[in-house]
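J.: Pasting the sequence and the predicted coordinates here, then a few questions.
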Amino acid sequence: MIKMVARMTLVSLALVLVLSVGFGGALAQDDGIPRGGIVTVSHEAFSVVLRNFSPFAPTQNPASQAFIYEPLMVWNEVDGEIIPWLATGFVWSDDLLTLTFNIREGVMWNDGETFDANDVLYTMNLTREFPALDRGAVWAFLDSVELLDDYTIQFNLGEVYSLADVLIAQTRPVPEHIWSELDDPVTFVDDDPVATGPFSVVCRLEDQVFELCANPLYWQEGRPYVDAIRYPAYPGNEQSTLALINGDIDWGGHFIPDVETTYAAADPDNFNFYYWPGGATVNLYMNTTKAPYDDVAFRRAVSQAIDYNAVVNIGMYGYTIPSDPTGLGPRFEGWASQEALERAAELGLNEYAPSAAAATLDEAGYLDVNGDGFRELPNGDPMSMNVQVVNGWTDWVTSVQIISQNLQDIGVNAQVVTPEFGEWLNNLQTGDYDISIGWSSSGYTPWNYYRDSLDSSLLGADNIANATSWSRWFSDDADALLAAFTATADPDEQFQVLSDLQMLFVENVPLVPLFPGPTWYQWNTQQFTGFPTADNYYTQGSPWSRDSNSRLLVAVNIHCIDDTACGQE
Amino acid sequence: MIAAKPILEAQGLTKHFRTGGAVSQRVVKALQDASFQLYPGKVTALVGESGSGKSTTARLLARLYEPTAGQIIYAGRDTVEDKGRSKLLKYRSEVQMIFQDPFSSLNPVHSISYHLKRPLQIHRKAQGRQMTEKVHDLLHTVALTPPADYTPKYPHQLSGGQRQRVAIARALAVEPKVILADEPISMLDVSIRMGILNLMAKLRDEQNLAFLYVTHDLASARYFADETMVMYAGHIVESGGSEELTQDPQHPYTQLLLSAVPDPARGLRTQETEIAGEVPSLSEVGEGCPFAARCPHVMSRCREAMPPVTRLSETRWVRCYLFDEA
Amino acid sequence: MSTVEQPQTAVQPAGATAAPQRAFPRLPLPNWLRSILGNRKAAIGLVILSFFVFVAVFAPLIAPTQNPNRMVARPVQAPSAEYILGTTRQGQDVFVQIVHGTQVSMAVGFTTGTVVMAIAIIIGITAGYIGGIFDELLSLAMNIVLIIPALPLIIVVAGFIDRPGPLTIVVVLSLISWAYGARVLRAQTLTLRNSDFVAAARVVGEPTWRIVLFEILPNMTSLVVSSWIGAVLYAILTQASLEFIGLGDPNISSWGTILYWAQNNAALLTNAWWTFIPPGVCIALVGFSLTLINYGIDEITNPRLRREPKVKAA
Amino acid sequence: MTQPMPTFDQARTDAEPLLSVRDLVVEYHTQRGLVRAADHVSFDLHRNEVFGLAGESGCGKSTVAHAITRILKPPAHIAGGQVLFDEVDVLKLNDDQLRDIRWRRISIVFQSAMNALSPVLTVGTQIADALQAHENGTAQMTRRQVLDRARELLDLVGIDPDRVNSYPHQLSGGMRQRVVIAIALALNPELIVMDEPTTALDVVVQKQIMDQIRELRNQFGFSILFISHDLSLMVEFSDRVGIMYAGELVEVAPSQAIFNDPQHPYTVRLMNSFPTLSGPRVELFGIPGSPPDLITPPPGCRFHPRCDVALAGRCQTERPGLQPIGARHMAACHLLDDKIVNKEDAS
Amino acid sequence: MRFILRRLGFYLIALLVSVTLNFMIPRLMSGDPVQLMFARFQGRMDPRAIESLYETFGFVQGPLHEQYFTYLSHLLQGDLGVSIANFPIPVTEVIAVGLGWTLRLVGLATVIAFSAGIFLGIRAAWRRGRFADSVILPITGLLSAFPYFWLAMLVLYFFALGLGWFPLGHAYSLDIHQDWSSPEYLSSVLHHMILPATTIVLTAIGGWMLGMRNNMISVLSEDYITMAQAKGLSDRRVMYTYAARNAILPSLTGFAMSLGFVLGGALLTEIVFSYPGVGYTLLTAVNTRDYPLMQGVFLMITVAVLVANLLADTMYVLLDPRVRAA
């Protein structure tokens, strides 16, 4: 899969000098944890390093998302906890229209200035003034922000929006004393960031590598344990896989085909991987504005026809599990509605049953009238469809190839087409497709998944489907349920609303959930430890995650395995 | 002596070539103000050194080039304005050409019979079964017998002399009145040159053809041509009966040319001739006589303008101020 | 025009190729074929190429399948009696893929080569024969297309066409690769245009179109064929490269896409060499066979390049 | 102004010939088969003599010239015979000995000056190269001296010495040929092989060059092996002439004798094949047919298929050898049997 | 000089054409870079933010010709715009990082391949049938028929992963700090360059060798070579000064043209060997529809090729006196 190129800035010589004092060998401190070492991280493809650490850049340097600029609070995807970070907590008002965050005291910017709520206020106002910087789209529901004191800040909402807390908690404050001096914060290339993060000092930046050194003024005493994090450039999976096998990478987030044999087998004691199936669900979308996809029976047949195990094991290399029919997956187990699941089982959804699928189609009138081996529409018109998938996304391409093979097996003439990403997306957004594989939204609650898939307001005036409402299956019931969820902060009420949504989902099959997106994650314990492991998966372990800053939890936790292993690199 | 009407006549024929790009265009004055006549049953030789413009003259008459100025009068009518395929085709059925190099004037990918059939087809001289007969006749005429041995062959399977005979046969196919022969023997082996010249002489006599014989070889002009014209740097400088001209050259250039030809018959070890200078480049020819720079008799007016034609006798003229009474 | 624009090797008219060969009895073969078979290099090349052409033409018989990409077996099996070249990570039969890939790759190569030569012939000969401002403009176009870096342009243009696939590759390569052939043919046309046999044909009264088609073009056969072969080779290699970097249609079996999938599945790391080595070897063999044929054509048309026969002591 | 040429008789000494070619055989291996381009060719060339080899294209005259100087290129190779230069067999010399003899003692003037000069080097460099390649006498020369000598040589052949820095394309054809002659003269050789030195030139330039060569020969006294297809020029320029036909030498005689009294039927017909500028205009016939294909040469006398006086049996089967038929006159023809002079008689 | 001026004029036109092409291509391509970028964020951007980003990215509306002239005037000021995928880094900066590496690697490899190919070609022609001719020539021919990436990957796996002789990728060891004055760094750069450069050389050398060999063989049959040998010159002098200098001329033009191929082909090298460079940048730019970056890279490559061509032309003029006058 093709990802973005990262970018970078100049080394601050002075800082290198200051910091190098602390380098040169792992020194155990009072807590007995060895210090020092440089952790090599790799998770996305780039070939040259560019100097840009702006937290607002549209395609950010992943490092600036967490290690340099920290969020107010860290959302742990694995257990759903929201962990205090630069903010120690927040309080909702009873009417759910104001939200008050308490800002941590004793935090310093890495230039020695004090961090307080003024910086948060400045940052919020900056994103209001420059919508291009509003990365979390918080001003969509925010009305205003006001300072209660230097360490307390209040957010006033324009309407009730019960998910606002998590969104605002993701805000990464920037230093007012630096950013207020800028001419244009939008085009600011933040090459020498002033930030609070554990690795916010850019101490090496070269054409093919950059290193972020530990922030000596970091507010968590004694942390981070390692001296620096290194990002080398690898232009593709093949090259990073080679580097992983070679032991060059300590912490990876790469797709590796047959990771067990290619990677882990090379050093079974130290090469580890764990692919947590907690990512956003990958779905098969069907264009319900067209026949036969407007027919729930047809959609149900598709759901029954797919060999989910083959998709997961061959297409996805066994790195994930088949989705349950509600599309929620293991991450949201607590939200699951048994009723809905039972109903789905009754309907035979998400079970590979070609004969049942064929029977469903027979029943609904999709028969091979002309004897060409393929079924026709109930009205006798020929039926053929393209299943589209992005060219180059090979795991998906294979999955779709299996699916089209499954459909052909039940007499549905389905062909795979592989447009380029741009055209693929455009087809989905404008509804110019038959069937397509696609991602969905992940979020803090399952609400995001259903909202982005079913909310009729996401279909714009130009017939452009925003978010992932690409199936274009809408109903008043769904809209009402979605609105009801954010109008309350009561967990029971929210649970009930979601149960109803799940039932509506399995009844109508607006799309077919395939599998939760796996999160590639490898770690190498030749030198470092402290990573989340399969047994102790304390947070999402991949150094890269679209949705969360949980890698921050890992970064402040990893350390050298002993006093000698990370001595000199 | 000359009572017959000329069949083909050049009148003030001039050809300038433009060469070079837009930046540095040069004009090559390949032929300047040439006037002469070709008569049925007569061979007129055009003699000159390489680059003197003699081939250009032949190609102008063959309508391979468009003249810059002047007239090409065929049977009393100017044909320069005859453009378009049908008019040119008519002209070409009367005037044909033989090229210097029989190795390149026949297309290596076509058989001999193709080469001979094409003109017959184009000019509708024969059809169907007649065609083969006609082709055989032509090969007979040029003494390539038995014809059936030659028709399926390709040019590379023939010797130079045989090829040149094929080329002559091709020219004859359209039953022309005029043949322009551009150095037809210079690429051939010495021993077979006479065969070709004699063949052409026979055709002249039997078919009453008019020949323009372009050559650099004065001796062969004397042998084959009734009349000879001498060219120098784009100008015809002298013209007359071949025997008369070679035995009694008038123009200083003709004299030079003749003295340079090795001729054991004149006695071995001939007197050395003082020859200075080289032929001027055709793009540098000025207004005056092009030979002025090398002429032992040069006068000041020679450098100013090209001398006019001075008639020495009914058949003889020269362009040189030495003979200009005016 | 300056010497810079002359073609690299003077190519003699096709007639020079027709020297009778002692080694071969006079079978009813066309001359060019006899010449080629008489040249050892070209003959070897032709044999290899014929093999692949045979495989391509009879692919449906050699490896009958509706869809060569169909997942038919347990993934990643080493070559065995059942699966001669093993299976892919996706459980596809590599042999079936290679056989059908031969069809696609050869078809793309030869179609592209043919389209490229058609364009090159039209443009090259027109420019060379008509001359004048027409020639100036076409020559400028040729030289510019030659100078603009090809692969980047191909990538850009391939990206512009949203649905990649064999047809896209044919179109893109044809649009970009015609210039070299056109330039060579133009230079040759300029030479031939001034040859005596063209002048002779004009004097005889041949119309222009006949001169171009029947007098000039046949004399460039060897040049056309060798440029065509060069274009085919270039197309096959470039197709593989484009597919390898993901600008092909992964849904279609061709040598390049087999390699693309092999690389995606880390075939070399998982020791699944049978998905990586055979397609590369196929490309190289076809490439080499084309190169050999071109060596041969060079030697046939330019006798100086021939190795002189071994001289026995007198 | 110029001295009258010393005649052959004056030039002849009793000394051994400068060059003695004995039974030279040169073969070409072609795809079609073996071609014997020179078949047992034998002749002598004396000091201060101009010996001409004449014949039609493909008769082997250039092959002989190239074989003598050992510049034949594959697929041609010398299959037999001797080339004695000053009593040393050139064919047996190793590369170093050959390099030593070449140019210093034997130099060559090539047919086409257009091709004999490298287009990318100045005239001066190409002259200087010849001077510097030979240690004898020039090893000590400075670059400046070498260039001075080059200018001197250019002056000698009638070219402005300042042309030393010119490139070949800046010179006319005649000037280029003069440069080639200058290079050939550079080391004062004893023998200059001239392979059709004026073929590509116009007659006026040819005259200039031949005059120049004649003058230089008077000045330096070298011998010339002169190759040409132009019999008129040949007869005018050479002391003795050898006529070649289909790889064989068919007649050797003083040029006067070749012109006035040719003996071999081929020579006779050849002399009758080109018109002259003076004398009576007579009808000429050339020779019927064409020279044979040397891959399958006719048996017997190679000329017999074109010979109108060939004897029915003998000429078709028996190859005539070169026999003396008069003082310094030799020919290879069965018809001349009665004229053949016994060796004893001749001496 | 006139030759160079003429070529300069041509390059100017070529540049203008490619600049225009550059301008047109993105406008013909489908896919909106901003949409694509947000799609990658999977729809969590406020429409207001998208709108303001459009402005920031400098998406100019208005008539095409106005856009064109704005584009040209920006170009003339050296302003290639801001990369969209790497916003807000200027395109020039994105390219600058990779360009040096590409030019170094490709430049070196091309020069080596060319020189070695020429040298081997000279040897092969000089000694027909010997080692260079009968062994190396077919091997390089076979190598040039391999798909580059395939060969490169095999080489990488064998020599780097298998034998461990060479690094697995990158332009230098990441444990060494980038410092052009440090010998340690320089040797690391060289060590990392060996495999990528070798693979380029291996696949490119065959073409040069064959071309040079054939040119040499043609040149070797020229009279001036025979004459040079007859003059008694050493083999070295004949081979290099007389033969090679003439034979290399046609290859020079090809050399300049090939740089375009090689520069573009560096993309594959960059991917296989994790080597930094503009090729990968271009591919990324195309995939993300980063038009300014795409235009910038394309322009850079074109300019590099044009400059290389100009250099080759200059060399040509130095080596061939004939074009100096032309």
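T.: Here it is on my side, so go on.

J.: Smallest gap between the stretch 101-250 of chain E and chain A, at which residue?
T.: Nearest to chain A in the stretch 101-250 of chain E, going by C-beta to the nearest C-beta, is E:Gln178, at a distance of 4.0 Å. In short, each C-beta sits where N, CA and C put it, glycine included.

J.: Roughly how far does that residue sit from E:His192?
T.: Applying C-beta to C-beta, to the nearest Å, the value for E:Gln178 to E:His192 is 12 Å.

J.: So for chain E, the centremost residue is which one?
T.: Among the residues of chain E, E:Leu263 comes closest to the average C-alpha position under C-alpha atoms, centre = their mean, at 1.8 Å.

J.: neighbours around A:Ala356, how many?
T.: Residues near A:Ala356, counting by other C-beta atoms under 10 Å in any protein chain shown, number 18.

J.: how about it, what does it touch?
T.: A:Gln304, A:Gly348 (C-beta atoms under 8 Å, 6 or more residues apart in numbering or on different chains).

J.: That one in helix, strand or coil?
T.: Following DSSP: H, G, I helix; E, B strand; the rest coil, we place A:Ala356 in the helix state.

J.: Surely the residue nearest to the centre of chain E touches E:Thr302?
T.: No: counting by C-beta atoms under 8 Å, E:Leu263 stays clear of E:Thr302, with 9.3 Å between them.

J.: for chain A, which spans come out with low pLDDT?
T.: By pLDDT under 70, the weakly predicted segments of chain A are A:1-30, A:59-64, A:546-547, A:567-569.

J.: Setting aside sequence neighbours, what's the nearest residue to D:Phe285?
T.: Spatially, and ignoring its direct neighbours in sequence, D:Phe285 is nearest to B:Met194 (5.7 Å; C-beta to C-beta, 6 or more residues apart in numbering or on different chains).

J.: List phi and psi for the one you found.
T.: When read as degrees, to the nearest 10, the backbone of B:Met194 gives phi -60, psi -30.

J.: how many other residues sit next to the nearest residue to D:Leu72 once chain neighbours are set aside?
T.: Among residues not flanking D:Leu72 along the chain, D:His66 sits closest, at 4.7 Å (C-beta to C-beta, 6+ apart). D:His66: 23 surrounding residues under other C-beta under 10 Å.

J.: do the same with the one 4 residues further on
T.: One way to gauge burial is a neighbour count; for D:Arg70, by other C-beta under 10 Å, it gives 18.

J.: Ok, the one 5 residues further on next?
T.: By the other C-beta under 10 Å criterion, the neighbourhood of D:Pro75 contains 18 residues.

J.: longest helix anywhere in chain D?
T.: Identified as the longest helix of chain D according to DSSP state H is helix D:203-220.

J.: got the contact list for that one?
T.: B:49, B:216, B:218, B:256-257, B:259-262, B:272-273, B:275, B:278-279, D:2-3, D:5, D:50, D:156-158, D:173-174, D:177-178, D:181, D:185, D:188, D:194, D:197-198, D:201, D:224, D:233, D:237.

J.: circling back to that earlier point, enumerate every residue touching the residue nearest to D:Leu72.
T.: Neighbours of D:His66 in contact, by C-beta under 8 Å, 6+ apart: D:Leu72, D:Ala76, D:Asp195.

J.: If you rank these by neighbours, which is first?
T.: D:Asp195 (24 neighbours).

J.: which residues does it bridge with?
T.: Beta-bridge pairing of D:Asp195 under DSSP bridges involves D:Ile227.

J.: what sits against it?
T.: Contacts for D:Asp195 were tallied using C-beta under 8 Å, 6+ apart; they are D:Ser62, D:Ala65, D:His66, D:Ile108, D:Val109, D:Phe110, D:Gln111, D:Ile227.

J.: export those residues to a markdown table and tack on distance to A:Pro532, pLDDT and secondary structure?
T.: A markdown table is the format used below for the contacts of D:Asp195 (distance: C-beta to C-beta, whole Å; pLDDT from 0 to 100; DSSP: H, G, I helix; E, B strand; the rest coil):
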| residue | distance to A:Pro532 | pLDDT | secondary structure |
| --- | --- | --- | --- |
| D:Ser62 | 90 | 86 | helix |
| D:Ala65 | 91 | 88 | helix |
| D:His66 | 87 | 87 | helix |
| D:Ile108 | 88 | 88 | strand |
| D:Val109 | 91 | 88 | strand |
| D:Phe110 | 86 | 83 | coil |
| D:Gln111 | 88 | 78 | coil |
| D:Ile227 | 94 | 91 | strand |
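
J.: Establish whether stretch E:4-16 and chain B are in contact.
T.: Yes: applying C-beta under 8 Å from any C-beta of the partner chain, one finds stretch E:4-16 touching chain B at E:Arg6.

J.: pretty sure B:Gly160 contacts B:Ile192?
T.: Yes: counting by C-beta under 8 Å, B:Gly160 touches B:Ile192, with 7.3 Å between them.

J.: So for those two, which residues contact both of them?
T.: The contact lists of B:Gly160 and B:Ile192 share D:Ser290, where a contact means C-beta under 8 Å, 6+ apart.

J.: more crowded one of these two?
T.: Neighbour count, other C-beta under 10 Å: between B:Gly160 and B:Ile192, B:Ile192 has more, with 24 against 18.

J.: Specify the local secondary structure of the more buried one.
T.: Using three-state DSSP, the secondary structure recorded for B:Ile192 is helix.

J.: nearest spatial neighbour of it, skipping sequence neighbours?
T.: Per C-beta to C-beta, 6+ apart, closest to B:Ile192 is B:Gly161, 3.9 Å.

J.: That neighbour belongs to a helix, doesn't it?
T.: Yes: according to three-state DSSP, B:Gly161 belongs to a helix.

J.: What about the residue of the stretch 101-250 of chain E closest to chain A, how many residues nearby?
T.: 17.

J.: My reading is that B:Phe211 lies in a strand. Confirm?
T.: Yes: assessed by three-state DSSP, B:Phe211 belongs to a strand.

J.: quick one: contacts for it?
T.: Residues in contact with B:Phe211 (C-beta under 8 Å, 6+ apart) are B:Leu38, B:Lys42, B:Val43, B:Thr44, B:Val178, B:Ile179, B:Leu180, B:Ala181, B:Met200, B:Arg204, B:Ala225.

J.: Just those: which are in helices?
T.: B:Met200, B:Arg204.

J.: Could you dump the contacts of B:Phe211 into a markdown table with pLDDT and neighbour count added?
T.: A markdown table is the format used below for the contacts of B:Phe211 (pLDDT from 0 to 100; neighbours: other C-beta atoms under 10 Å in any protein chain shown):
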| residue | pLDDT | neighbour count |
| --- | --- | --- |
| B:Leu38 | 93 | 24 |
| B:Lys42 | 92 | 20 |
| B:Val43 | 94 | 24 |
| B:Thr44 | 94 | 23 |
| B:Val178 | 94 | 23 |
| B:Ile179 | 94 | 25 |
| B:Leu180 | 95 | 29 |
| B:Ala181 | 93 | 28 |
| B:Met200 | 92 | 23 |
| B:Arg204 | 92 | 20 |
| B:Ala225 | 92 | 27 |
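
J.: For the stretch 151-300 of chain A, which segments count as strands?
T.: Under the criterion DSSP state E, counting those that start in this stretch, the stretch 151-300 of chain A contains strands at A:152-157, A:201-205, A:209-213, A:228-232, A:251-252, A:271-273, A:281-286.

J.: neighbouring contacts of the last one?
T.: The contact list for strand A:281-286 (C-beta under 8 Å, 6+ apart) reads A:293, A:298-299, A:302, A:306, A:323, A:327-329, A:396, A:399, A:403, A:428, A:433-440, A:442, A:449, A:453, A:468, A:470-471, A:511-517.

J.: wait, C:Gly86 sits on C:Arg74?
T.: No: with contact defined as C-beta under 8 Å, C:Gly86 does not reach C:Arg74; the gap is 10.4 Å.

J.: would D:Met244 count as being in a strand?
T.: Yes: applying three-state DSSP, one finds D:Met244 inside a strand.

J.: Report the beta-bridge partners for it.
T.: D:Leu249.

J.: Might you report the residue contacts of it?
T.: D:Val41, D:Leu53, D:Ala54, D:Gly55, D:Cys59, D:Gly60, D:Lys61, D:Val64, D:Val250.
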